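>>> The following block contains a protein sequence and its predicted model.
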Amino acid sequence: MVVLVLGSGAASAASAASAASASATYYLALGDSGAVGVQAGQGPTDEGYTDVLHAALKAEHPGLRLVKLGCPGETTTTMLKGGICAYRAGSQMDAALDFLKRHRGRVRYVTLSIGVNNVGCLLEGDLACGLKGVGSLLAELPQITGGLRAAGGDVPVYASMTYYDPGLASWVKGDRATAIASVPMLDAFNGVQRGAALASGFKVADVNAAFATHDFSTQVTTAQYGTVPLNVARICAWTSQCAQGDGHANAAGYRTIAGAFLRVVS
């Protein structure tokens, strides 16, 4: 009798777990190191913008599960073709399309941060290298956004982001000209990001605005760098670029990015 009771309980538990899995909904996080919360000197963390965003969205949708498929160092090319991170389906894009098709109707949110690794040299002032990266971005980003939308259908809320400007950190190193010149370069990159997103029905989290990238006028006094423009102060406070030469966001920066996403997806 005890065995039968235990067996019945196990069956009930398995049945409940299966039902819960069948009714689960998902937040699919895609892209580069930002999508997995990489910080300076660390690999993927649980303090990235996707983690913070998931926590906020889960408060409204308790059964929401976060699925991270991002890959540090990913470009649009490697996202489509593979070559950096290993996925059973092939590339990150293949894995994402497979997930969307297998869970069609149960994916509530899809976020994407990809492309900055295509043009990192542009933001560092290497125009020839950067233009080559822009070419691949123009060709491949619409394939990514369009493919995701086609696979996922109309149920998910799709969102990508504009980027902040690590080049502004040159200001605190005495190179104000490079800091100023980096902004229009980033604007061009963000224009491509925004265009591909909107063409595929993605919402756009304006991280660029949250970091006040264009605000050289407002002056902020900092303990480490003295009085600097607001955009420079935020890059120094929310990334490791000024202190360590690493443009990844820190925990505070990722919270800011999550806030920008939350404003457009909720």
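Here it is on my side, so go on.
>>> in the stretch 151-266 of the chain, which spans are helices?
Secondary structure of the stretch 151-266 of the chain by DSSP state H, counting those that start in this stretch: the helices cover 176-199, 207-210, 230-238, 241-244, 251-265.
>>> What helices and strands are in contact with the fourth one?
Here helix 241-244 touches helix 230-238, going by 3 or more C-beta pairs under 8 Å, 6 or more residues apart in numbering; DSSP states H and E. Every residue, glycine included, has its C-beta placed from N, CA and C.
>>> ok now stretch 253-266, how far from the chain's centre?
Chain-centre distance of stretch 253-266: 10 Å, with C-alpha atoms, centre = their mean, to the nearest Å.
>>> what do you get for stretch 212-219?
In terms of C-alpha atoms, centre = their mean, the centre of stretch 212-219 is found 24 Å from the chain centre.
>>> Can you show me the CA trace of it as CSV?
Provided in CSV are the C-alpha atoms of stretch 212-219 (Å, rounded to 0.1, in the frame of the first residue of the first chain):
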residue,chain,number,x,y,z
ALA,A,212,22.6,61.0,-21.8
THR,A,213,25.1,60.3,-24.6
HIS,A,214,24.6,63.8,-26.2
ASP,A,215,24.7,65.8,-23.0
PHE,A,216,28.0,67.6,-22.9
SER,A,217,26.4,70.7,-21.4
THR,A,218,25.3,69.5,-18.0
GLN,A,219,28.2,69.4,-15.6
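>>> got the buried residues for it?
Buried residues in stretch 212-219, counted by 16 or more other C-beta atoms under 10 Å: Ala212, Thr213, His214, Asp215, Phe216.
>>> do the same with stretch 182-189
Residues of stretch 182-189 classed as buried by neighbour count (16+ other C-beta under 10 Å): Ser182, Val183, Met185, Leu186, Phe189.
>>> cool, and stretch 258-266?
Buried, per 16+ other C-beta under 10 Å, within stretch 258-266: Ala258, Gly259, Ala260, Phe261, Leu262, Val264, Val265.
>>> residues touching the residue nearest to Gly31 when sequence neighbours are not counted, list them.
Excluding the flanking residues, the one nearest Gly31 by C-beta to C-beta, 6 or more residues apart in numbering is Ser113, at 3.8 Å. By C-beta atoms under 8 Å, 6 or more residues apart in numbering, the contact list for Ser113 reads Leu30, Gly31, Asp32, Gly34, Ala35, Tyr49, Gly70, Ser160, Met161.
>>> can you pull up the bridge partners for Met161?
Judged by DSSP bridges, the bridge partners of Met161 are Ala205.
>>> Surely it and Gly259 touch.
No: Met161 sits out of contact with Gly259 when judged by C-beta atoms under 8 Å, with a separation of 11.5 Å.
>>> Per-residue pLDDT of the one residue sitting closest to the centre of the chain, please?
Ranked by distance to the mean C-alpha position of the chain (C-alpha atoms, centre = their mean), the top residue is Ser113 at 3.4 Å. Note for Ser113: predicted pLDDT of 98.
>>> do the same with the one 5 residues further on
Reading off the per-residue confidence, Asn118 sits at a pLDDT of 90.
>>> Distance of Arg263 relative to Phe216?
24 Å (C-beta to C-beta, to the nearest Å).
>>> Please read the previous query as pertaining to Ala159.
Look at Ala159 and Phe216: by C-beta to C-beta, they are 28 Å apart.
>>> now, among the buried residues of stretch 212-219, which is nearest to Phe99?
Checking the buried residues of stretch 212-219 against Phe99 with C-beta to C-beta, the nearest one is Thr213 at 32.9 Å.
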